[in-house]
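Colleague: Predicted model, plus sequence, below.
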Amino acid sequence: MHELILWSGFFGAWLLVAGPLYQAALELGEENISRQDMAGVQPASPAGRRPSGWWWLIPPVGYWKQRRYAQEERKAMMAALPHDVMANWVSFMNKATAWFYVASGAYLIALKETYELIEGHEWPTWVFWVLVVVMAGIATGNTAVRMSRAHELVEHE
């Protein structure tokens with residue numbers, strides 16, 4: 001029974017990684033936003049001058065100045081977007097952030113369950129790292145393959 005629980009936890013956790021990745025790809029692919037919507041947009045008022053790289057000699061000040069500049073640049077860009085494009089962009093970013101949280105949490109659980117499997121079988125630590133890389137590759141590869149196949153089916157019709 002212990003063996004079944006170890007393997008169930010391992011595979012279940014990695015399914016929890018693959019599922020949100022795939023669902024995120026599906027939902028974000030349905031969002032009504034394109035590069036063309038963003039390509040020609042020029043802010044009406046520039047965000048100001050980029051802070052000098054010399055500020056990074058004092059890292060907290062350099063970080064603060066760069067962050068403030070980036071926020072001003074983002075505000076200027078958002079103000080230049082048409083309202084519907086901005087609404088679509090905000091929706092896209094909110095969904096992407098939410099799915100990032102879900103997939104990250106699942107990934108952390110998968111790391112724990114993978115470690116439990118390794119520990120339960122008393123395998124060497126390197127097996128943990130191999131399994132993490134392989135399973136993460138399978139989870140992301142599954143999404144890529146499924147999205148590619150779906151795109152091919154739609155394009156051929």
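Modeller: Received the coordinates, thanks.
Colleague: Mind picking out the helix or strand in the protein with the poorest mean pLDDT?
Modeller: helix 35-39 (a mean of 66; mean pLDDT, DSSP states H and E).
Colleague: in the following helix or strand past that one, what's buried?
Modeller: Next helix or strand after helix 35-39 toward the C-terminus (DSSP states H and E): helix 59-80. Neighbour-count burial for helix 59-80 flags 62, 65, 76, 77 (criterion: 16 or more other Cβ atoms under 10 Å). All C-beta spots, glycine's among them, are computed from the backbone N, C-alpha and C.
Colleague: Same question for stretch 92-112.
Modeller: For stretch 92-112, the neighbour count (16+ other Cβ under 10 Å) marks 92, 99, 102, 103, 106, 107, 109, 110, 111 as buried.
Colleague: returning to what we had before: Serialize the buried residues of helix 59-80 to JSON lines and add fields for distance to residue 138 and pLDDT.
Modeller: What follows is the buried residues of helix 59-80, written out as JSON lines (distance: Cβ to Cβ, whole Å; pLDDT from 0 to 100):
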{"residue": "62", "distance to residue 138": "40", "pLDDT": "90"}
{"residue": "65", "distance to residue 138": "43", "pLDDT": "89"}
{"residue": "76", "distance to residue 138": "42", "pLDDT": "81"}
{"residue": "77", "distance to residue 138": "37", "pLDDT": "79"}
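Colleague: Let me see the mean pLDDT of stretch 86-100.
Modeller: The pLDDT scores in stretch 86-100 average 89.
Colleague: With stretch 116-130 instead?
Modeller: Rounded mean pLDDT across stretch 116-130 is 96.
Colleague: ok, residues contacting that stretch?
Modeller: For stretch 116-130, the external contacting residues (Cβ atoms under 8 Å, 6 or more residues apart in numbering) are 2, 3, 6, 7, 9, 10, 114, 115, 131.
Colleague: top helix in this protein by residue count?
Modeller: As assigned by DSSP state H, the longest helix anywhere in the chain is helix 83-121.
Colleague: Fine, thanks again, bye for now.
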